[in-house]
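Asks: Just need the structure, nothing else, for what follows:
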Amino acid sequence: MDILRIDFDRGTVRLRGAPAAGMPGVVWDERVQGFRCAAYRYWDIVALAAESQLVLDDRVGPQSDLPVSPWRTPELRPYQQDALRAFHAFGSRGVVSLPTGSGKTLVAIAALACAGVSSLVLCPTRALVEQWVQQLRSFYDGPVGVVSDGIFRVTPVSVMTFESAYRRLDMLGDRFRALVVDEVHHFAGGIRAEALEMCIAPIRLGLTATGPELGSPGDACLRALVGPTVCEVSIRALLGTHLADLELIRLHVHLDAEEASEYARLYRPFAEMRRCLARADPDLDWSGLVRAMARSEEGRKVFADYRRAVALATFPRAKKDLCAILLTRHRDDKKLVFTASVDDAYAISFEHLVPLLTAETQRKERDEILERFRNGRYRTLVSARVLNEGIDVPDARVGIVLGGRLGRREHIQRIGRVLRPAPGKRALIYELVTAGTIDDRRARARRRHDAAGAAAGL
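Replies: Numbers count the residues shown, from 1 in each chain. As a prediction, this is how the structure comes out:
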């Protein structure tokens, strides 16, 4: 009778035995003169071996069959229960898309409690690792492991940053049977997606507020590595019930004469070169355009000037003046100010003497700032990208969006930061847009997307 031996080997599954040839996803590795496949295909191989009545010498599965401590299932809201049921209906594989602040974490914890197996949570930042550990400890009686920021403590229920997963799962990918990926849209492409390939976990739940476009390459990537989008709830569906009511106000400003002249001088050569390159290659996309410009000294200068034009349009003097008016108008409200760049965030922080959060803010200082914002000592926080995701921001009522770089996804994440519900709360988002510039075109593109319903109907 044919015997198939399976070992975990550096983030892959190595197969020994004649039946390995021809199995899906299995390739011949000349380096070891043997067959192997990505670790996430392990359970497919096991199922196929059972169907073919092969005898397995399995050295992989037992490593993940670890005893876990008791779980307590959190109480879920109706839409969270729907998300959990949809996840189970799709074989405990899939992506759940819920708005920021709607309790995605509780859905994941309920899924892990139902599974009762060794589990790994991946998240993008150290700050989120801390938050996940606290949440897990509220519902799980055993120790929670951490692999992040120099800490290496692996237990049957553990939390890792994305970077740690990419570096460590080649050795630890056979330890877990359930995998939760917070902010899963980060794995919709790129080399870091290999981290998900190196884990054998058959139970896979991705969490996001802004999944990739259905049918896009990113959607196909997540479908293969995590599963399809099994539940998607819009912001609009939760406004006024599980999220605060929202008023979105768009305010247009204009460049002054000096800024308008400088913007035209910087932007015009880029527009002309882009038209020339597009005529030569009608299928040229943005990445191709950047590569084409980078091939010549002239092109590199044109692109550098274009970036200066974008910076000017994103944060002109009129936005600075209007921001000051809004900060004064909402002096007594808790406010979040979002900028397109760290330099712009520093400018607001220095001018108005308000605390600033950046990627360089140390953990102790960040925690102190957030605690003072939570207890009302601080009423304004300013940041470029740090507050978009990955930090549990205390309740705020007003958001002032001065500019952004990452399009619709970033915009939705920022809106979600002020939607935490409270009795009688009506959240306000001010979006400041510079008319007649690329800043305006980007805002219009977001609104066209919104009108199609892709941005939760906002």
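Asks: When you work out contacts or count neighbours from here on, use the C-alpha atoms and nothing else.
Replies: Will do.
Asks: Which stretches in the stretch 351-458 of the chain count as helices?
Replies: With DSSP state H, counting those that start in this stretch applied, the stretch 351-458 of the chain shows helices at 363-374, 407-416, 438-451, listed in chain order.
Asks: what pLDDT, on average, does the longest one get?
Replies: Across helix 438-451, pLDDT averages out at 75.
Asks: Equivalent analysis for stretch 150-165, please.
Replies: For stretch 150-165, mean pLDDT is 95.
Asks: same for the strand or helix carrying His88, what does it pack against?
Replies: Taking DSSP states H and E as the criterion, His88 maps to helix 78-89. With contacts taken as 3 or more C-alpha pairs under 8 Å, 6 or more residues apart in numbering; DSSP states H and E, helix 78-89 sits against strand 93-97, helix 104-115, strand 229-232.
Asks: Could you export those as CSV, including mean neighbour count, mean pLDDT and distance to Ser296?
Replies: As requested, the helices and strands packed on helix 78-89 are exported to CSV (neighbours: other C-alpha atoms under 10 Å; pLDDT from 0 to 100; distance: least, C-alpha to C-alpha, whole Å):
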stretch, mean neighbour count, mean pLDDT, distance to Ser296
strand 93-97, 26, 94, 43
helix 104-115, 21, 96, 47
strand 229-232, 20, 90, 43
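Asks: Return the set of buried residues in whichever helix or strand Cys276 is part of.
Replies: Mapping Cys276 onto the secondary structure by DSSP H and E places it in helix 257-280. Applying a neighbour-count criterion of 16 or more other C-alpha atoms under 10 Å, the buried positions in helix 257-280 are 259-260, 263, 266-267, 269-270, 273-274, 277.
Asks: Show me the shaky parts of the chain.
Replies: Counting by pLDDT under 70, the chain contains low-confidence ranges at 1, 18, 388-392, 394, 406, 447-458.
Asks: How about the secondary structure of Arg204?
Replies: In the three-state summary, Arg204 is assigned as strand, counting by DSSP: H, G, I helix; E, B strand; the rest coil.
Asks: for the helices of the stretch 351-458 of the chain, which one ends up most surrounded?
Replies: Comparing these on average neighbours per residue, with mean count of other C-alpha atoms under 10 Å, the densest one is helix 407-416 at a mean of 20.
Asks: mind listing the helices for the stretch 51-200 of the chain?
Replies: In order along the chain, the stretch 51-200 of the chain carries the following helices (DSSP H, counting those that start in this stretch): 61-64, 78-89, 104-115, 126-139, 162-172, 194-197.
Asks: Figure out how far the helix holding Cys276 is from the centre of its chain.
Replies: In terms of C-alpha atoms, centre = their mean, to the nearest Å, the centre of helix 257-280 is set 33 Å apart from its chain centre.
Asks: Please enumerate residues in contact with it?
Replies: Contacts of helix 257-280 from elsewhere in the structure, counted by C-alpha atoms under 8 Å, 6 or more residues apart in numbering, are 284, 289, 302-303, 305-306, 308-309, 312-313, 316.
Asks: follow-up on the earlier one: let me know the closest of the buried residues of helix 257-280 to Ala38.
Replies: Closest to Ala38 out of the buried residues of helix 257-280 is Leu277 (40.2 Å), distances taken as C-alpha to C-alpha.
Asks: related to what we said a few turns ago, just so I know, which of the helices of the stretch 51-200 of the chain lies nearest Ile45?
Replies: Each of these was scored for nearness to Ile45 using C-alpha to C-alpha, and the closest is helix 61-64 (11.5 Å).
Asks: on that earlier part again, the helices and strands packed on helix 78-89 into JSON lines, with extra columns for distance to Ala324?
Replies: JSON lines is the format used below for these (distance: least, C-alpha to C-alpha, whole Å):
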{"stretch": "strand 93-97", "distance to Ala324": "35"}
{"stretch": "helix 104-115", "distance to Ala324": "35"}
{"stretch": "strand 229-232", "distance to Ala324": "37"}
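Asks: Dump the C-alpha coordinates for the helix holding Cys276 into PDB.
Replies: C-alpha atoms of helix 257-280 as PDB (Å, rounded to 0.1, in the frame of the first residue of the first chain):
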ATOM      1  CA  ALA A 257      -2.800  83.900  -6.600                       C
ATOM      2  CA  GLU A 258       0.800  83.100  -5.700                       C
ATOM      3  CA  GLU A 259      -0.100  79.400  -4.900                       C
ATOM      4  CA  ALA A 260      -2.100  79.100  -8.100                       C
ATOM      5  CA  SER A 261       0.800  80.300 -10.200                       C
ATOM      6  CA  GLU A 262       3.300  78.000  -8.500                       C
ATOM      7  CA  TYR A 263       0.900  75.000  -8.700                       C
ATOM      8  CA  ALA A 264       0.500  75.600 -12.500                       C
ATOM      9  CA  ARG A 265       4.200  75.900 -13.000                       C
ATOM     10  CA  LEU A 266       4.900  72.600 -11.100                       C
ATOM     11  CA  TYR A 267       2.000  70.600 -12.400                       C
ATOM     12  CA  ARG A 268       1.800  71.500 -16.100                       C
ATOM     13  CA  PRO A 269       5.000  69.700 -17.200                       C
ATOM     14  CA  PHE A 270       3.800  66.500 -15.600                       C
ATOM     15  CA  ALA A 271       0.400  66.700 -17.300                       C
ATOM     16  CA  GLU A 272       2.100  67.200 -20.700                       C
ATOM     17  CA  MET A 273       4.600  64.400 -20.300                       C
ATOM     18  CA  ARG A 274       1.800  62.100 -19.100                       C
ATOM     19  CA  ARG A 275      -0.300  62.800 -22.200                       C
ATOM     20  CA  CYS A 276       2.800  62.100 -24.400                       C
ATOM     21  CA  LEU A 277       3.500  58.800 -22.700                       C
ATOM     22  CA  ALA A 278      -0.200  57.800 -22.800                       C
ATOM     23  CA  ARG A 279      -0.400  58.400 -26.600                       C
ATOM     24  CA  ALA A 280       2.600  56.200 -27.100                       C
END
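Asks: Looks like Gly404 contacts Val342 (just checking).
Replies: No: the pair Gly404 and Val342 does not pass the contact test of C-alpha atoms under 8 Å, sitting 11.0 Å apart.
Asks: what is in contact with those two at once?
Replies: Taking C-alpha under 8 Å, 6+ apart as the contact criterion, the residues that touch both Gly404 and Val342 are Ala384.
Asks: Determine how far stretch 112-120 lies from the middle of the whole chain.
Replies: Here the centre of mass of C-alpha atoms in stretch 112-120, compared against the chain's by C-alpha atoms, centre = their mean, lies 22 Å away.
Asks: Can you give me the end-to-end span of it?
Replies: For stretch 112-120, the first-to-last residue distance is 9 Å (C-alpha to C-alpha, to the nearest Å).
Asks: ok, the most centrally placed residue in the chain to Pro212 distance?
Replies: When the chain is reduced to its mean C-alpha position, the nearest residue by C-alpha atoms, centre = their mean turns out to be Glu183, at 3.3 Å. Taking C-alpha to C-alpha as the measure, Glu183 falls 11 Å from Pro212.
Asks: swap in Met23?
Replies: Look at Met23 and Pro212: by C-alpha to C-alpha, they are 30 Å apart.
Asks: Ok, Pro67 next?
Replies: Applying C-alpha to C-alpha, the value for Pro67 to Pro212 is 36 Å.
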